[in-house]
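Student: Here's a sequence, model it:
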Amino acid sequence: MTTARIAFGLGEHEDAANALLRSEWPLAELPSPVNEPRFWTMTCPDVSGLSGLAVVANGFKGAQAADDPRPYWPVLEYLVIDRRARDRQLGRRLARHVLQEVSADGHEVIVEVERERVDAIRFWTQHLQCAVAPDSEQTAPKVLRLCWTPTLR
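Tutor: Predicted structure coming up:
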């Protein structure tokens, strides 16, 4: 098994995180602080630079009072593994780690996947047992929302 280190936050990896994100989605950018993003980075000793990145934003929904904190509704927006680090089950390891941390308080996690990425849909449904979210929670025609529920894992 490949040795990998997963850390919370970007630390010194902000530029590398942007570059890794753009290697998969050329127009992508790290989310703004407005959506309260949380970042996880993965490094491997045999791959120079950043090996993986996960980004979870607060996709809060529903009404709230002005003085109340926003409810937490985690949405995993990005999970990307550098091409040089693929085929080592690092994506599964990073995904499981992030899902477990994000759902520590029992929160269901929404995972957003491009509908045309059949490989990504298969990854989330087969390896991490995500289910397709109900139609009422689907928000964009090109994006499929999946649900990961900690109580079922």
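
Student: Tell me which stretches of this protein form strands.
Tutor: Taking DSSP state E as the test, the strands found in the chain are 5-8, 38-44, 47-58, 74-81, 109-114, 131-132, 143-148.

Student: Looking at these, which is nearest to Glu24?
Tutor: With respect to Glu24, and counting by CB to CB, the nearest of the strands of the chain is strand 74-81 at 5.0 Å. In this view, the C-beta of every residue, glycine as well, is placed from N, C-alpha and C.

Student: all helices for the chain, in order.
Tutor: Using DSSP state H, the helices of the chain run over 14-24, 90-102, 118-122.

Student: now, of the ones you listed, which is deepest in the fold?
Tutor: Mean neighbour count, computed with mean count of other CB atoms under 10 Å, is highest for helix 90-102 among these, reaching a mean of 19.

Student: So which residues make contact with it?
Tutor: Surrounding helix 90-102, the residues in contact under the criterion CB atoms under 8 Å, 6 or more residues apart in numbering are 2, 4, 6, 8, 38, 40, 42, 44, 51-52, 54, 56, 74, 76, 79, 81, 109, 123-124, 127-128, 148, 150, 153.

Student: Report the buried members of the residues you listed.
Tutor: Burial by neighbour count, 16 or more other CB atoms under 10 Å: within these this picks out 4, 6, 38, 40, 42, 44, 51-52, 54, 56, 74, 76, 79, 81, 109, 123-124, 128, 148.

Student: pLDDT weak spots in this protein?
Tutor: 1, 60-70, 152-153 (pLDDT under 70).

Student: Fine by me, thanks again.
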